[in-house]
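how does the following fold in three dimensions:
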Amino acid sequence: MRALATLARHGRWLLIAGLVAGVSLPGLAGYLAPAIVPFIAVMLCITTLREGPRAALPRAGKAPRALTTTLILQCAAPFVAGGLLWACGLLDSPLATGVVLALAGAPITGTPGLAVMSGADGGAALRMLIMGTALLPLTAVPVFVVLPVFPDPWAVISGALRLLAIIGISAGVALVLRARIPALTRPETRPALDGIMVLAMALIVIALMSAVAPAARDTPGQLAAAFALAWGLYLVQTFAAWRTARSALPRPEALSVAIAAGNRNLALFLAAVPPETAAPLMVFVGCYQIPMYLTPMLLPRLTDARR
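From the prediction side, this is the model:
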């Protein structure tokens, strides 16, 4: 318990260590890749254990606002970005595709964990994750219209449904554990739960960085462009969402909106694009992980929050 609590206290640095390990040890990243889904399930289970089952449901009277936020982030933003890129003649490039997909994705499964480490509302982050994933089959339609690289749109829809199933199973396991082992719900247990969640996130980010080291060796120019674009997109998404949400929501919930806006799940779309598009996108995906997993350190500076 003490060891896990120590991991939780140093969670920000553990995520950075995961990023470094993923870049410097591509063999380890490849070895861990098959375990991404089990690690995701562990994170979601721990989040439900920590926050309780009610945290996953929209609060009374706030469902319309949550729905509107999700539609703006996942539907309107990528459609507008895609239109602008098309008008500039850039829509056919892999990086442009990555930008549209990053805007269209649901929040990453690690959003609640990042919220906890950033002093935000973990329950609000969990609700945004669930709603964003549930609506993805609908909100992805503009992406299919804008981007001509999807020969099989059903792959995205089926991926979203699989993720919803993982969320449901993980939440169900958490509910059984809460009922059978009441000690897991005690406040003193939270640091240990946070430590497990941080460890799972660190292992996931190692697996997601597998394309960065080969790109640095073989196509450094492409890597530099993807790195700069990923950082710019993350900062714009996060800061714009924070500026919009802070006047309408309590600070912890507004921070969760900013985290959900800046940390988007591109992986579901990768299954639906052709191999010649997916390969360059993996470099962008790897670069995009870097600012996302630095969120606990970046968010206070972007929002002027003081811990």
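
which helix or strand contains the residue lying closest to residue 219 once chain neighbours are set aside?
The shortest distance from residue 219 to any non-neighbouring residue, by Cβ to Cβ, 6 or more residues apart in numbering, is to residue 283 (7.5 Å). Just so you know, the C-beta spots here come from the backbone N, C-alpha and C atoms, and that holds for glycine as well. Assignment of secondary structure by DSSP states H and E places residue 283 within helix 275-293.

mind giving me the packing neighbours of that helix?
Applying 3 or more Cβ pairs under 8 Å, 6 or more residues apart in numbering; DSSP states H and E, one finds that helix 275-293 contacts helix 11-24, helix 94-104, helix 190-208, helix 212-218, helix 220-245, helix 267-270.

so which of these comes closest to residue 259?
When those are compared for distance to residue 259 using Cβ to Cβ, the nearest one is helix 220-245, at 7.4 Å.

tell me what that closest one is packed against?
Helices and strands in packing contact with helix 220-245 are listed as helix 94-104, helix 212-218, helix 251-262, helix 275-293, helix 295-303; criterion 3+ Cβ pairs under 8 Å, 6+ apart.

picking up where we left off before, any chance of the helices and strands packed on helix 275-293 in CSV, with mean pLDDT, distance to residue 287 and mean neighbour count too?
Supplementary listing: the helices and strands packed on helix 275-293 in CSV, determined by pLDDT from 0 to 100; distance: least, Cβ to Cβ, whole Å; neighbours: other Cβ atoms under 10 Å:
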stretch, mean pLDDT, distance to residue 287, mean neighbour count
helix 11-24, 88, 10, 19
helix 94-104, 87, 9, 24
helix 190-208, 86, 11, 23
helix 212-218, 82, 7, 16
helix 220-245, 91, 4, 17
helix 267-270, 73, 14, 22
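
quick one, which of the ones you listed gets closest to residue 1.
Evaluated with Cβ to Cβ, the helices and strands packed on helix 275-293 place helix 190-208 nearest to residue 1, the distance being 4.8 Å.

so what's the residue nearest to residue 219 up against?
211-212, 215, 219, 222-223, 226 (Cβ atoms under 8 Å, 6 or more residues apart in numbering).

turn those into CSV, including distance to residue 88.
Below are the contacts of residue 283 laid out as CSV (distance: Cβ to Cβ, whole Å):
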residue, distance to residue 88
211, 26
212, 27
215, 25
219, 23
222, 20
223, 23
226, 18
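
wait, which of the residues you listed is closest to residue 103?
Nearest to residue 103 among the contacts of residue 283 is residue 226, at 15.7 Å by Cβ to Cβ.

centroid-nearest residue for the protein?
The structure's the chain has its C-alpha centroid closest to residue 108; by Cα atoms, centre = their mean the separation is 2.0 Å.

could you tell me the end-to-end distance of stretch 108-119?
Start to finish, the residues bounding stretch 108-119 are 18 Å apart (Cα to Cα, to the nearest Å).

residue 225 contacts residue 93, correct?
No: assessed by Cβ atoms under 8 Å, residue 225 is found out of contact with residue 93, at 9.8 Å.

and the helices in the stretch 1-150 of the chain?
Along the stretch 1-150 of the chain, counting by DSSP state H, counting those that start in this stretch, helices occupy 2-9, 11-24, 26-32, 36-51, 63-71, 77-87, 94-104, 111-117, 122-139, 141-146.

need the winner for burial among these.
helix 111-117 (a mean of 29; mean count of other Cβ atoms under 10 Å).

send over that helix as CSV, restricted to the C-alpha atoms.
This file holds the C-alpha atoms of helix 111-117, laid out as CSV (Å, rounded to 0.1, in the frame of the first residue of the first chain):
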residue,chain,number,x,y,z
THR,A,111,-8.6,11.0,-19.0
PRO,A,112,-9.9,10.3,-15.5
GLY,A,113,-6.4,9.3,-14.3
LEU,A,114,-4.9,12.5,-15.8
ALA,A,115,-7.7,14.5,-14.1
VAL,A,116,-6.9,12.9,-10.7
MET,A,117,-3.2,13.8,-11.1
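
what is that helix packed up against?
With contacts defined as 3+ Cβ pairs under 8 Å, 6+ apart, helix 111-117 has these neighbours: helix 11-24, helix 36-51, helix 122-139, helix 190-208, helix 251-262, helix 295-303.

alright, I will stop here.
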